[in-house]
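Novice: got a sequence here, can you build the structure:
(one chain, ligands or ions: 1)
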Amino acid sequence: MRVGVLTGGGDCPGLNAVIRGLVRKGVQEYAYEFVGYRDGWRGPLEGDLIPLDIPAVRGILPRGGTILGSSRTNPLGQPDGIRRIKDNLAKDEIDALVTIGGEDTLGVAAKLYEEYGIKCVGVPKTIDNDLSATDYTFGFDTAVGIATEAIDRLHTTAESHMRVLVVEVMGRHAGWIALHSGLAGGANVILIPEQRFDVEQVCAWVSSRFRASYAPIIVVAEGAMPQDGDAVLKDGSLDSFGHVRLSGVGEWLAGEIERRTGKEARTTVLGHVQRGGTPSAFDRWLATRFGLHAVDAVRDGDFGMMVALRGTDIVRVPIAEATARLKTVDPALYEEAGVFFG
Ligand code: F6P
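Specialist: Predicted coordinates:
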């Protein structure tokens with residue numbers, strides 16, 4: 001059995017741990033051979049691969065990023081993309097393809113399996129934690145840890161200058177990173193994409209925080225939107241899957257707060273810091289287990305399936321089910337955090 005592996009979409013901490021788990025178990029227990037396709041779907045599109053043996057995966061468990069490289073290449077957006085992938089997989093004698101990715105990469109895998117019979121097994125990853133069918137994706141815990149540490153640090157500087165600090169976090173159209181890091185970091189306002197926010201209400205919370213002689217910290221998800229109007233964007237550009245590139249709401253909100261309250265406000269955009277560096281222990285644990293279970297799915301011929309976390313169990317679910325809808329923050333969960341606002 002010769003297994004291809006690829007990592008697609010935005011990178012996230014834990015990708016290397018999955019690759020190591022897959023290769024260690026596959027080679028040791030099942031005598032499989034592995035190859036790694038470079039840069040997500042670009043690899044099988046162009047037949048760009050590297051051998052993946054046990055020495056190649058030694059020492060990579062704590063390393064961020066992905067030794068295979070990643071990209072947002074969309075083969076479905078290219079006229080002969082599917083044919084080229086099929087031809088290259090046949091030429092490279094690939095019996096199964098493990099695709100490690102988020103909504104977009106796995107969406108392509110689901111289509112390749114369902115419509116073209118390509119034997120894919122999926123592994124969910126994304127710092128956004130927005131994939132349904134799995135309780136958590138790896139990368140999320142690390143991102144929340146980084147954002148929480150940043151919020152802790154911003155509290156002290158905000159207090160020293162008695163100014164508002166707005167922290168913009170990633171998460172695309174889901175508020176998981178904002179909600180978890182905001183709660184963990186003791187933010188005074190948390191704004192998520194799932195609930196439009198009222199700028200006047202935010203300003204009222206800011207003023208009440210100052211009245212209590214403390215400086216407010218506002219955590220805003222990059223996809224959060226004001227009640228009146230659309231998403232606030234730095235530029236409206238799209239990626240190759242047609243997603244608009246988010247970011248800009250933090251800067252905009254700080255401007256509005258200054259204008260409406262007269263208080264000085266600054267913005268910190270955490271950006272890709274949230275995706276870089278070494279994975280947390282939880283993400284290493286989850287990613288390693290995903291790798292071990294994904295190779296078992298290959299052994300069982302369970303194609304078109306994705307590994308997922310349910311409680312502490314790793315289960316298998318159809319890839320298509322996991323990509324059918326986004327997992328967003330439940331209003332009741334968001335309401336819980338409201339007690340700390342203002
Ligand atoms: O999906 C992960 C993510 O980091 C989002 O939170 C963010 O909106 C997007 O990717 C950024 O994409 P890029 O790295 O292509 O700028």
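
Novice: can I assume residue 97 sits in a helix?
Specialist: No. Using DSSP: H, G, I helix; E, B strand; the rest coil, the secondary structure at residue 97 is strand, not a helix.

Novice: now do the strands in the stretch 151-300 of the chain.
Specialist: Using DSSP state E, counting those that start in this stretch, the strands assigned to the stretch 151-300 of the chain run over residues 164-169, 189-191, 217-221, 265-269.

Novice: adding mean pLDDT, mean neighbour count and distance to the ligand, write these out as JSON lines.
Specialist: Every C-beta, even on glycine, is put in place using the N, C-alpha and C of the backbone. What follows is the strands of the stretch 151-300 of the chain, written out as JSON lines (pLDDT from 0 to 100; neighbours: other CB atoms under 10 Å; distance: least, CB to the nearest ligand atom, whole Å):
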{"stretch": "strand 164-169", "mean pLDDT": "98", "mean neighbour count": "28", "distance to the ligand": "8"}
{"stretch": "strand 189-191", "mean pLDDT": "98", "mean neighbour count": "28", "distance to the ligand": "15"}
{"stretch": "strand 217-221", "mean pLDDT": "98", "mean neighbour count": "29", "distance to the ligand": "9"}
{"stretch": "strand 265-269", "mean pLDDT": "98", "mean neighbour count": "20", "distance to the ligand": "11"}
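
Novice: need these in CSV (columns: distance to residue 57).
Specialist: Listed next are the strands of the stretch 151-300 of the chain as CSV, based on distance: least, CB to CB, whole Å:
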stretch, distance to residue 57
strand 164-169, 31
strand 189-191, 39
strand 217-221, 34
strand 265-269, 34
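
Novice: got the domain ranges for the protein?
Specialist: 2-138+279-322, 143-274 (automatic domain parsing).

Novice: and residue 331, which of the ones you listed is closest to it?
Specialist: domain 143-274 (6.9 Å; CB to CB).

Novice: picking that back up, to residue 329, which of the domains of the chain lies closest?
Specialist: Between those, domain 143-274 lies closest to residue 329; by CB to CB that is 4.6 Å.

Novice: near the ligand, which residues of the stretch 1-150 of the chain are found?
Specialist: Contacts of the stretch 1-150 of the chain with the ligand, taken as CB under 6 Å from any ligand atom, map to 10, 102, 126-128.

Novice: which strands or helices does the helix or strand where residue 142 lies pack on?
Specialist: Secondary structure assignment for residue 142, by DSSP states H and E: helix 140-161. Helix 140-161 sits against strand 164-169, helix 176-184, strand 217-221, helix 281-299, with contacts defined as 3 or more CB pairs under 8 Å, 6 or more residues apart in numbering; DSSP states H and E.

Novice: rewinding a little: now render the domains of the chain as CSV, adding distance to residue 328.
Specialist: Converted to CSV, the domains of the chain look like this (distance: least, CB to CB, whole Å):
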stretch, distance to residue 328
domain 2-138+279-322, 7
domain 143-274, 5
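
Novice: looking at the ones you listed, which is closest to residue 336?
Specialist: That would be domain 143-274 among the domains of the chain, by CB to CB, at 8.2 Å.

Novice: just the CA coordinates for stretch 287-302, please, in CSV.
Specialist: Extracted in CSV, the C-alpha atoms of stretch 287-302 (Å, rounded to 0.1, in the frame of the first residue of the first chain):
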residue,chain,number,x,y,z
ALA,A,287,-3.2,15.7,16.1
THR,A,288,-1.2,12.6,16.9
ARG,A,289,-4.3,10.6,17.6
PHE,A,290,-5.9,11.9,14.4
GLY,A,291,-2.9,10.6,12.5
LEU,A,292,-3.0,7.2,14.2
HIS,A,293,-6.7,6.8,13.5
ALA,A,294,-6.5,8.1,9.9
VAL,A,295,-4.1,5.3,9.0
ASP,A,296,-6.4,2.8,10.5
ALA,A,297,-9.2,4.1,8.3
VAL,A,298,-6.9,3.6,5.3
ARG,A,299,-6.2,0.0,6.5
ASP,A,300,-10.0,-0.6,6.9
GLY,A,301,-10.7,0.8,3.4
ASP,A,302,-13.0,3.4,5.0
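
Novice: chain center to that stretch, what's the gap?
Specialist: Stretch 287-302 sits 21 Å away from the centroid of its parent chain (CA atoms, centre = their mean, to the nearest Å).

Novice: how about that stretch: buried residues?
Specialist: 287-299 (16 or more other CB atoms under 10 Å).

Novice: tell me which of these is nearest to the ligand?
Specialist: residue 287 (15.7 Å; CB to the nearest ligand atom).

Novice: excluding chain neighbours, give the residue nearest to residue 152 in space.
Specialist: In space, and not counting its chain neighbours, residue 152 is closest to residue 185: 5.8 Å by CB to CB, 6 or more residues apart in numbering.

Novice: tally of neighbours for that neighbour?
Specialist: 21 (other CB atoms under 10 Å).
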